[in-house]
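Enquirer: structure for the following, please:
(one chain, ligands or ions: 2)
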Amino acid sequence: MSEEDKAMRIVKSMNFDAAHFLDHDPEARPYARLHGHSFTMEVVIEGEPDPEAGWVVDFGDVGEALQELHEALDHRLLNEVEGLERPTLENICRWAAEKLKTRFPGLAEVRVSRPSIGESCVFTV
Ligand SMILES: Nc1nc2c(c(=O)[nH]1)N=C([C@H](O)[C@H](O)COP(=O)(O)OP(=O)(O)OP(=O)(O)O)CN2
Ligand SMILES: [Zn+2]
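Expert: Ligands and ions are numbered 1, 2, ... in the order given. Modelled structure (predicted):
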């Protein structure tokens, strides 16, 4: 593998706690009832490090963008967040990718997990 084939990826994460319900199948599943989780969101940005700065993207800029998402999600009822009416892990990944991809053209993945119950989704953008 040549140097050009090697990709550099940076990862930044944030945690949030939120409530939701998934009521498309209210008869069969307990999660149609309102309940909450602790979530972790990770964003992966790929690119060549800028030769002067030595970084792909400043973690400070990624942190600012994640702080905006944190504000939109933390301690919210996710079903009430615009665009997240069916708040599965899959849809939270897509929602976050839509918010981030213009600002970070190198956005490669969004991962959202519920570490305490071992569930996660990885969206390759
Ligand atoms: N593919 C997906 N499947 C499920 C999702 C999802 O986002 N993507 N989400 C859920 C619910 O959020 C559910 O609350 C997850 O909890 P569960 O797996 O049931 O685990 P818990 O520990 O919270 O539930 P207990 O019943 O207390 O064990 C379901 N599926
Ligand atoms: Zn749930």
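
Enquirer: ok, the host helix or strand of residue 112: who's next to it in the sheet?
Expert: Assigned by DSSP states H and E, residue 112 belongs to strand 107-114. Applying DSSP bridges, strand 107-114 is found paired with strand 35-46 (antiparallel), strand 119-124 (antiparallel).

Enquirer: list of residues touching it?
Expert: For strand 107-114, contacts defined as Cβ atoms under 8 Å, 6 or more residues apart in numbering pick out 9, 37-46, 89, 92-94, 96-97, 100-101, 119-125. Backbone N, C-alpha and C define where each C-beta goes, glycine included.

Enquirer: also stretch 67-85?
Expert: 14, 16-21, 34, 39, 41, 86-87, 91-92, 95-96, 98-100.

Enquirer: what about 6 Å?
Expert: The contact list for stretch 67-85, computed with Cβ atoms under 6 Å, 6 or more residues apart in numbering, reads 14, 16, 18, 19, 20, 87, 95, 96.
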